[in-house]
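[1] I would like the atomic coordinates for the input below:
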Amino acid sequence: MTATLKTESPRMPKGKTNGPTFKRNIGIMAHIDAGKTTVTERVLFLTQKIHKTGEVHDGAATMDYLEEEQKRGITIQSAATTCFWNSHEVNIIDTPGHVDFTVEVERSLRVLDGAVAVFDAKNGVEAQSETVWRQANRYKVPRVCFINKMDKIGANFEFAMGTIRERLGANPIAIQMPVGTEADFEGFVDLVRMRYITFPEGGDGREYYEGEVPEEHMEKALEYRHTMIEAAAEADDELLDLFLEDEEISEEMIMIGLRKASLSMAVTLVMAGSALKNKGVRFVMDAVIDYLPAPVEIADVEGSVPRTTDAATRKPSIEDPVSVMAFKTIAEPTGDLTFVRVYSGKLEKGSRLLNPRTGKYERIGRLVKIHANKREATDMIPAGDIAAVIGLKNTVTGDTLCDPDNPIALAAIEFPPAVISMSLEPESGQDRDKLSEIIGRMCREDPSFRAVTVEETGQLIISGMGELHLEVMVGRIKNDHKCNVVTGRPKVTFKQRLKKNLSTEARYIRQSGGSGQFAVVHVKFEYDPELDGFEFVDGIKGGSVPKEYIKAVGFGLNTFFKSGGHSGIPFVSCRTTLFDGKAHDVDSSDKSFEAAGILAFRQAVENNNTVLLEPFMKVEVSVPEDYLGAVVGDLNSRRGEVSDVATQGDLRVVRAMVPIAEMFAYSSALRGATKGRGQYSMELAEYRDVPEGLAKKMREENA
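    From the prediction side, this is the model:
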């Protein structure tokens, strides 16, 4: 077989190269250790953004520039860069894989148009893979998949494809068929062009050999190709007619059908390779261009007219009024660095935009394009692009900036609740103000990191998504900000609900000379597990409570709901209905009805009418079979419920639901029980009732 050495991509773009069609905004997402950052590093090298690749295991990856990332060998903070591939401008965001930093994936996917999902060829879909996949589904982000580490012992392409189908509910369609696995991984068959692609030994990823498909692989390749064309035909009527009539189908028509199927998310296209060995990443970039959307191809962005309930939309066009979303903030001494996605119009240096959340204006000072921790100044960012603004005063993650004459508030980014807390104080009393400033900056940067000072004790409590999250944040306070601190034992973030439904009559009547305060309210309280948070229903008929006071009652009820009253434990899933009441012509006021609302809720929780809830984590542990019994037994002893034990290569995967209160220091316990050979991941699944005996003990500890 004769093969030709090549460096150019098989398909080059046609026409002009400076229009908005020639742009992509993509994220690299996956489970921890699947190879996301290595893939990004190879992309930067192939696009000549860097001239030497740095390895994650050496702490030298370009996109992992934080000290904590280099020390731990994991991505903690999403990092952005811009590169060019075949005359296309590609904005890339490399996201973390650990569940404790899932908020970084959430806000990145909110502003991206497409994503590359990376999977380990041996392990297939892992726990965090499911999390990020659900996030991408929520934001309707088309994806292509890269089955990485095909040279790894135990690599199995069809197994990995199967886990995508079974665990993610996706429709994976291979556009490449790998040839060989583990040490024998040679390359793949390009199923669109039916060409055999291999790579020079020790190559840098730019060069590849292309030749005829070997006879021994032809039959299997044709099977894969038939499945691929069938999937493409279902998205394109013309292609479907040709397919049903068994007519000749051109490469271009197949690509058009695959692109339509990919953009509609009817299929997820799958490739294979080894990023570490420089095999296949260049073809992932080709697929990004060929099968993921340009900014002009996404749907009009939806929002609302500020201070109204009217809907509003913006086209992804430079001609529409400007609308921008801030999706990430890095607090710096010279002014916050705010990452933004421009959805419509153009963001210009010196312009004055409205922030609908605050009602205030922001002056756009310095605009920069980002490459990890390096910046390049620019004067204008057009619709469809991602960049950063330096020096915004009152804009935080999730805020919209828009044309003051044509305002729009885009749908905000939702962040999960914190599940774990710990106390924090400076080693030296003179560092207290410094620590307060550091915490403020870190809260602006990371919306999943929270901090509150307990008024009664003056103690600072920080909260986050898991032990590692808080550990990293404390490490940054000590190392990046040079402030030594002392931490307390981690605590679980509990919630509570009403035990039974009831109605209360609250009478807030005060008389102390002059005008008094008078408010009587009748409120019905209901626990509804389907309800996300708090709901206030105006059930007043006949005007027993004047209209101007009804809103104040709802505000008072919501205040108690969020604060948790004396216990300080927030409530969940509560519907409150104001159905009767009384007012006084002189003594009633907003303040008195707000106080009556608080009193009504306080009465509803009396006589032990609450149930404590604790966060349960979905835990996935991968261990060799020899240690399976010890791991299952340990999880059971932690009040865990093992739901599934699956075989994954030569490992057993245990899936369980375990309360986070029982998972403190689990990494050390697992390491000891499996001699360092076990791995685990976990994510918040739900809140469950705490058994009564334990609840009493936990309330005392939480007080």
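[2] who does T453 bridge with?
    Per DSSP bridges, the residues bridged to T453 are L460.
[3] could you do V654 as well?
    Beta-bridge pairing for V654 (DSSP bridges): V621, V645.
[4] and it, what does it touch?
    When contacts are counted by C-beta atoms under 8 Å, 6 or more residues apart in numbering, V654 is found next to V619, E620, V621, S622, V623, L628, V631, V632, L635, V642, D644, V645. Just so you know, the C-beta spots here come from the backbone N, C-alpha and C atoms, and that holds for glycine as well.
[5] from K675, how far off is the fourth one?
    Here the criterion is C-beta to C-beta, to the nearest Å. By it, S622 lies 14 Å from K675.
[6] ok, the second one next?
    Computed as C-beta to C-beta, the E620 to K675 distance reads 20 Å.
[7] which of the two has more neighbours?
    Between E620 and K675, counted using other C-beta atoms under 10 Å, the more crowded position is E620 (21 against 10).
[8] so that one is in contact with L670, correct?
    No: with contact defined as C-beta atoms under 8 Å, E620 does not count as touching L670 (11.8 Å).
[9] what residues are shared contacts of these two?
    Both E620 and L670 are in contact with Y680, where contact means C-beta under 8 Å, 6+ apart.
[10] number of residues surrounding M422?
    Taking other C-beta under 10 Å as the neighbour definition, M422 ends up with a count of 19.
[11] change the start of the numbering to 96 and stick with it
    Sure thing, new numbering starts at 96, so read that last one as M517.
[12] which residue is the nearest non-sequential neighbour of it?
    By the measure of C-beta to C-beta, 6 or more residues apart in numbering, the closest residue to M517 outside its immediate chain neighbours is P585, 4.6 Å from it.
[13] for the stretch 596-745 of the chain, just list every one of the strands.
    597-605, 612-622, 629-633, 669-677, 705-719, 736-743 (DSSP state E, counting those that start in this stretch).
[14] give the rounded mean pLDDT of the fifth one.
    Looking back up the chat, that one is strand 705-719. The predicted model gives strand 705-719 an average pLDDT of 89.
[15] would you confirm that D285 contacts P105?
    Yes: with contacts defined as C-beta under 8 Å, D285 counts as touching P105 at a distance of 7.2 Å.
[16] these two - which one has more neighbours?
    For the pair D285 and P105, the greater number of neighbours falls to D285 (22 against 16), based on other C-beta under 10 Å.
[17] not counting its neighbours along the chain, what's nearest the more buried one?
    Nearest residue to D285, sequence neighbours excluded (C-beta to C-beta, 6+ apart): I292, at 5.7 Å.
[18] residues near that neighbour, how many?
    Using other C-beta under 10 Å, the number of residues around I292 comes to 25.
[19] phi and psi next, for it.
    With angles defined as degrees, to the nearest 10, I292 sits at phi -110, psi 130.
[20] over to D526?
    Comment: the main-chain dihedrals of D526 come out as phi -90, psi 0, following degrees, to the nearest 10.
[21] what sits against it?
    Remark: with contacts taken as C-beta under 8 Å, 6+ apart, D526 is in contact with C578, N579.
[22] what do you get for G692?
    For G692, the residues meeting the contact criterion (C-beta under 8 Å, 6+ apart) are A601, V616, V618, A647, V648, G649, F650, G651, L652, T654, F655.
[23] rerun that using 6 Å as the cut-off
    The neighbourhood of G692, defined by C-beta atoms under 6 Å, 6 or more residues apart in numbering, consists of V648, G651, L652.
[24] and those residues, which is closest to V379?
    Nearest to V379 out of those is L652 (C-beta to C-beta; 52.5 Å).
[25] from T99, how far out is the closest one?
    If you go by C-beta to C-beta, the gap between L652 and T99 works out to 74 Å.
[26] repeat that for H576.
    Counting by C-beta to C-beta, the gap between H576 and T99 amounts to 55 Å.
[27] and if you look at D332?
    For D332, the distance to T99 equals 36 Å [C-beta to C-beta].
[28] ok, H617 next?
    H617 sits 84 Å away from T99, going by C-beta to C-beta.
[29] looking at those two, which one has more neighbours?
    Counted by other C-beta under 10 Å, H617 and T99 do not tie: H617 has more neighbours, with 19 against 9.
[30] so what's the more buried one closest to, chain neighbours aside?
    The shortest distance from H617 to any residue other than its chain neighbours is 3.8 Å, reached at D675 (C-beta to C-beta, 6+ apart).
[31] neighbours around that neighbour, how many?
    Residue neighbour count, defined by other C-beta under 10 Å, stands at 17 for D675.
[32] over to E221?
    By other C-beta under 10 Å, the residues close to E221 number 24.
[33] these two touch, right, it and D128?
    No: with contact taken as C-beta atoms under 6 Å, E221 and D128 are classed as non-touching, separated by 8.7 Å.
[34] helix, strand or coil: sort out V581 for me.
    Look at V581: counting by DSSP: H, G, I helix; E, B strand; the rest coil, its state is strand.
[35] which is the next helix or strand following the lowest-mean-pLDDT helix or strand in the chain?
    The least trusted helix or strand in the chain, going by mean pLDDT, DSSP states H and E, turns out to be helix 162-167, with a mean of 53. Remark: after helix 162-167, the chain's next helix or strand is strand 174-180, criterion DSSP states H and E.
[36] tell me the buried residues in that next one?
    Taking 16 or more other C-beta atoms under 10 Å as the basis for neighbour counts, the residues of strand 174-180 that come out buried are A174, A175, T176, T177, C178, W180.
[37] which helices and strands does it pack with?
    When contacts are defined as 3 or more C-beta pairs under 6 Å, 6 or more residues apart in numbering; DSSP states H and E, strand 174-180 sits against strand 183-189, strand 461-466.
[38] the longest one to strand 461-466, inter-axis angle?
    Inter-element angle recorded for strand 183-189 and strand 461-466: 80 degrees (by axes from the mean of the first three to the mean of the last three C-alpha atoms, to 10 degrees).
[39] same question for the helix or strand just after strand 183-189, mean pLDDT?
    Downstream of strand 183-189, the first helix or strand assigned by DSSP H and E is helix 197-206. When pLDDT is averaged over helix 197-206, the result is 79.
[40] which residues are contacting the next helix or strand after helix 197-206?
    Remark: after helix 197-206, the chain's next helix or strand is strand 209-215, criterion DSSP H and E. Here strand 209-215 makes contact (C-beta under 6 Å, 6+ apart) with 121-125, 129-131, 134, 231, 236-244, 255, 387-388.
[41] related to what we said a few turns ago, I figured the residue nearest to M517 hits V514, correct?
    No: no contact is recorded between P585 and V514 when judged using C-beta under 6 Å, the distance being 10.1 Å.
[42] closest one of the buried residues of strand 174-180 to L364?
    W180 (17.0 Å).
[43] hang on, the earlier thing: out of the strands of the stretch 596-745 of the chain, which gets nearest to V400?
    Relative to V400, the nearest member of these by C-beta to C-beta is strand 629-633, separated by 23.6 Å.
[44] so which elements touch the closest one?
    For strand 629-633, the packing partners by 3+ C-beta pairs under 6 Å, 6+ apart are helix 642-658, strand 669-677.
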